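Asker: please find the sequence and the predicted model below.
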Amino acid sequence: MGSKIVDIAKELGNDPSVLKDLSLHRTACQYKLVNGLAVITHKRIVNDLQKHRFSINLDECTAKNNKRVLSVMVSYFSTDLGMSIVHHYVSLQLNTVNATTVFQAVKKAFDDDGIPLDNLVSSLSDSAAYMRGKISGFEQRLCEVAPNLLDIDGDICHHVHNSVKKYCDHFGMHVEYFTDDLFHD
């Protein structure tokens with residue numbers, strides 16, 4: 001498909017009068033992705049989460065527009081496909097980020113989709129106090145409504161990343177350049 005588009009562009013380049021009035025819009029593609037593919041994919045994920053036990057992985061970041069976004073990934077074993085599945089479930093925009101707002105947003109997403117929290121078996125996140133706090137953290141609140149939730153340590157990837165980052169601070173960018181060169185060579 002890509003080579004055909006290049007051929008058409010080359011041919012159009014020979015006639016400047018055609019190019020003058022040519023416009024390309026992303027609206028059709030965006031419409032199909034947002035209102036077609038995304039909707040169907042989300043429905044399939046919700047259907048699976050209603051039937052299977054699953055885990056969630058949460059991570060919060062600040063977008064370029066300074067809005068806080070909480071991304072929720074889900075993983076589960078699909079008996080239909082006979083394999084483990086990992087999908088982006090939802091991204092939630094939050095005005096403030098604390099245990100209460102994260103819990104309310106995640107619970108609302110599951111409630112809106114009719115996903116029983118009995119199916120939730122584990123939650124991974126970074127080790128921020130509002131996520132892992134034993135008295136009123138997100139996971140503690142989640143334990144109150146998800147009876148099958150296992151208590152496992154925070155996301156090991158975050159622990160390793162933070163440790164390596166602290167260790168590599170002493171070397172400036174040399175370690176990053178070295179590993180990047182190893183990867184690309």
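Answerer: All right, it came through fine.
Asker: contacts and neighbour counts: CA atoms only from here.
Answerer: Noted.
Asker: now S75: closest residue in space, sequence neighbours ignored.
Answerer: V86 (4.3 Å; Cα to Cα, 6 or more residues apart in numbering).
Asker: what's the first helix or strand after the helix or strand containing that neighbour?
Answerer: Assigned by DSSP states H and E, V86 falls within strand 83-94. Proceeding N to C from strand 83-94, the next assigned helix or strand is helix 99-112, under DSSP H and E.
Asker: CA atoms of the following helix or strand past that following helix as CSV?
Answerer: Sequence-wise, the next helix or strand downstream of helix 99-112 (DSSP H and E) is strand 120-124. Only the C-alpha atoms of strand 120-124 are listed here, as CSV (Å, rounded to 0.1, in the frame of the first residue of the first chain):
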residue,chain,number,x,y,z
LEU,A,120,-9.3,-8.8,40.1
VAL,A,121,-6.4,-10.8,41.6
SER,A,122,-3.4,-8.5,41.6
SER,A,123,-2.5,-4.9,41.2
LEU,A,124,0.9,-3.6,40.3
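Asker: distance from the chain centre to strand 120-124, please.
Answerer: 15 Å (Cα atoms, centre = their mean, to the nearest Å).
Asker: list the buried ones in it?
Answerer: L120, V121, S122, S123, L124 (16 or more other Cα atoms under 10 Å).
Asker: which residues are in contact with the helix or strand following it?
Answerer: Scanning forward in sequence from strand 120-124 by DSSP H and E, the next helix or strand is helix 129-132. The contact list for helix 129-132 (Cα atoms under 8 Å, 6 or more residues apart in numbering) reads N98, A99, S125, S136, G137, F138, E139, Q140, G154.
Asker: highest neighbour count among those residues?
Answerer: Using other Cα atoms under 10 Å as the neighbour criterion, F138 leads the contacts of helix 129-132 with 25 neighbours.
Asker: measure it to G36 for me?
Answerer: 33 Å (Cα to Cα, to the nearest Å).
Asker: try V46
Answerer: From V46 to G36 the distance is 16 Å (Cα to Cα).
Asker: more crowded one of the two?
Answerer: When V46 is set against G36 and neighbours are counted by other Cα under 10 Å, the residue ahead is V46, at 17 against 12.
Asker: ok, and what's touching the host helix or strand of the more buried one?
Answerer: V46 belongs to helix 38-51 when elements are defined using DSSP H and E. With contact meaning Cα under 8 Å, 6+ apart, helix 38-51 is reached by Y76, S78, H87, Y89, D113, G114, I115, P116, N119.
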